[in-house]
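[1] My questions are about this predicted structure, shown below with the sequence.
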There are 4 protein chains.
Amino acid sequence: MNDIIKILREFNEARNWEPFHTPENLAKSIAIEAGELLECFQWDSDYDLEALSDEIADVMLYCLMLSDKIGIDIKKEMLRKIEKNGVKYPVETCREE
Amino acid sequence: MNDIIKILREFNEARNWEPFHTPENLAKSIAIEAGELLECFQWDSDYDLEALSDEIADVMLYCLMLSDKIGIDIKKEMLRKIEKNGVKYPVETCREE
Amino acid sequence: MNDIIKILREFNEARNWEPFHTPENLAKSIAIEAGELLECFQWDSDYDLEALSDEIADVMLYCLMLSDKIGIDIKKEMLRKIEKNGVKYPVETCREE
Amino acid sequence: MNDIIKILREFNEARNWEPFHTPENLAKSIAIEAGELLECFQWDSDYDLEALSDEIADVMLYCLMLSDKIGIDIKKEMLRKIEKNGVKYPVETCREE
């Protein structure tokens, strides 16, 4: 993921886009792209693989830009979040349902 | 990212959650979590770092589950999407604006 | 609002769209259109009045279709929700902040 | 709808919330509430009627506040949008599909 973050930084700097990429604007962008991703499933559960892959990539790229902007190690945060979820939803309780 | 995908698979299998994780349900989950992420900025541009990190992680974890479910290599897709964006927004045009 | 609901029913029936308008699909449509509305403000707080009006109308039209589909009187529900919010956020507490 | 807009104005003024209700913040709020509405359908197509009604009301209340803030007559805009959609999707073409 660090490779991609490095490429994104160069991509955005080359285009003078950095000033637009405030945390708030990136959060809006993630929600906008998540809406486009959902559009792949608007009327049924079939999907076009390339269109869907494009939209997942867009959501993730903005997530990586936001993580970079606020200075967090997103891999570490994901592992921490999985652990937190493990406490919230213990295996035993979930299996019983 | 492959490490995290592996951990997520085990996590979900242990809880019998696999049947709920259809591509469509994961797409809805990404949009729901993107809304929660946006909530960190509902009334202003300040944010709580831990709350925001949690929400970015949630969005990304669902994106990784969806990528895994539909069988794509998300790193490759992100690199492809950056290249596509580079063609759509050439450096020269963006700098002139 | 009842006029618009009647017009929407005729509009959708004429196009054979009724079968696609399940509550779940309409909920997805509302989230998709809310993303497009947010796109009017992606990089700053300026907006194009006609584009924004179009998007608000789209969100509200899907909300009216969903209300009609699940058989609720949306005006009554909005008044009920305002009252509920009034209890949750009493005037005195809010003014003190 | 004008009754509800009047009630909302008084509600928000009484709480000193007007300064927070910029068009941009209301657009974010609509997207956030649309995510909560979608959550009613996260894992299946069943729903709780009261929870769902609450969320539709929330989305519509923010839409009415935004319409009021930017000075549009939302009923007129909805009728205009339905007409625009009628041109985009003529009855004949839709029936043939």
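    Structure's in. What do you need?

[2] And the residue of chain A found nearest chain C, which helix or strand is it part of?
    Residue of chain A nearest chain C, by CB to the nearest CB: A:Gly35 (2.2 Å). The C-beta positions use only the backbone N, C-alpha and C, and glycine is treated the same way. Following DSSP states H and E, one finds A:Gly35 within helix A:23-39.

[3] what mean pLDDT does the very next helix or strand once past that helix have?
    Counting by DSSP H and E, the element after helix A:23-39 in chain order, helix or strand, is helix A:49-69. Averaged over helix A:49-69, pLDDT sits at 98.

[4] What is the neighbour count of the residue of chain A closest to chain C?
    Using other CB atoms under 10 Å in any protein chain shown, A:Gly35 has 28 other residues around it.

[5] wait, it sits on C:Ala34?
    Yes: counting by CB atoms under 8 Å, A:Gly35 does reach C:Ala34; the two are 6.8 Å apart.

[6] what is in contact with these two at once?
    With contacts taken as CB atoms under 8 Å, 6 or more residues apart in numbering or on different chains, the residues that reach both A:Gly35 and C:Ala34 are D:Ala31.

[7] Next, the angle from the helix holding A:Gly35 to helix A:49-69.
    160 degrees (axes from the mean of the first three to the mean of the last three CA atoms, to 10 degrees).

[8] Could I get the average pLDDT for helix A:23-39?
    Averaging pLDDT along helix A:23-39 yields 98.

[9] And that helix, what does it pack against?
    helix A:49-69, helix B:23-39, helix B:49-69, helix C:23-39, helix D:23-39 (3 or more CB pairs under 8 Å, 6 or more residues apart in numbering or on different chains; DSSP states H and E).

[10] Of all the residues in the third one, which ones are buried?
    Spelled out, it's helix B:49-69. B:52-68 (16 or more other CB atoms under 10 Å in any protein chain shown).

[11] How far does it sit from its chain's centre?
    5 Å (CA atoms, centre = their mean, to the nearest Å).

[12] Can you confirm whether that helix lies near chain D?
    No: using CB under 8 Å from any CB of the partner chain, we find that helix B:49-69 stays clear of chain D, coming within 10.7 Å at best.

[13] Convert the C-alpha atoms of that helix to CSV, please.
    Output of helix B:49-69 as CSV, limited to C-alpha atoms (Å, rounded to 0.1, in the frame of the first residue of the first chain):
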residue,chain,number,x,y,z
LEU,B,49,-8.5,11.2,14.8
GLU,B,50,-9.5,7.9,16.4
ALA,B,51,-13.1,8.0,15.3
LEU,B,52,-12.1,8.9,11.7
SER,B,53,-9.4,6.2,11.6
ASP,B,54,-12.1,3.6,12.7
GLU,B,55,-14.4,4.7,9.9
ILE,B,56,-11.7,4.7,7.1
ALA,B,57,-10.7,1.2,8.3
ASP,B,58,-14.3,0.0,8.1
VAL,B,59,-14.7,1.3,4.5
MET,B,60,-11.5,-0.3,3.5
LEU,B,61,-12.2,-3.6,5.1
TYR,B,62,-15.5,-3.9,3.3
CYS,B,63,-13.7,-2.9,0.0
LEU,B,64,-11.1,-5.7,0.6
MET,B,65,-13.9,-8.2,1.3
LEU,B,66,-15.7,-7.2,-1.9
SER,B,67,-12.5,-7.4,-4.0
ASP,B,68,-11.9,-10.9,-2.5
LYS,B,69,-15.4,-12.0,-3.2
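
[14] what comes into contact with it?
    Under CB under 8 Å, 6+ apart, the answer for helix B:49-69 is A:23, A:30, A:34, A:56, A:59-60, A:63, A:66-67, A:70, A:72, A:74, A:77-78, A:80-82, A:84, B:1, B:4-5, B:8-9, B:12, B:21-23, B:26-27, B:29-30, B:33-34, B:36-37, B:39-40, B:73-74, B:77.

[15] A:Ser45 and chain D: what is the separation?
    A:Ser45 sits 11 Å away from chain D, taking CB to the nearest CB, to the nearest Å as the criterion.

[16] Quick one: residues contacting that residue.
    So A:Ser45 contacts B:22-24 (CB under 8 Å, 6+ apart).

[17] Distance-wise, check it relative to B:Leu26.
    Distance of A:Ser45 to B:Leu26, given as CB to CB, to the nearest Å: 11 Å.

[18] Then A:Ile5?
    Counting by CB to CB - A:Ile5 and B:Leu26 are separated by 24 Å.

[19] on that earlier part again, tell me which residues touch the residue of chain A closest to chain C, please.
    So, once contact is read as CB under 8 Å, 6+ apart, A:Gly35 ends up touching B:31, B:34, C:31-36, C:38, D:31.

[20] I'd like the residues you listed laid out as CSV, including distance to B:Cys94.
    Below are these laid out as CSV (distance: CB to CB, whole Å):
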residue, distance to B:Cys94
B:Ala31, 29
B:Ala34, 26
C:Ala31, 30
C:Ile32, 28
C:Glu33, 29
C:Ala34, 28
C:Gly35, 24
C:Glu36, 23
C:Leu38, 23
D:Ala31, 27
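
[21] May I see the PyMOL selection of the buried members of those?
    The buried subset of the contacts of A:Gly35, as determined by 16+ other CB under 10 Å, is captured in PyMOL by this line:
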select buried, (chain B and resi 31+34) or (chain C and resi 31+32+33+34+35+36+38) or (chain D and resi 31)
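
[22] quick check, nearest of the contacts of A:Gly35 to chain A?
    The closest of the contacts of A:Gly35, once distances to chain A are taken by CB to the nearest CB, is C:Gly35, at 2.2 Å.

[23] Next, give phi and psi for A:Trp17.
    phi -90, psi -10 (degrees, to the nearest 10).
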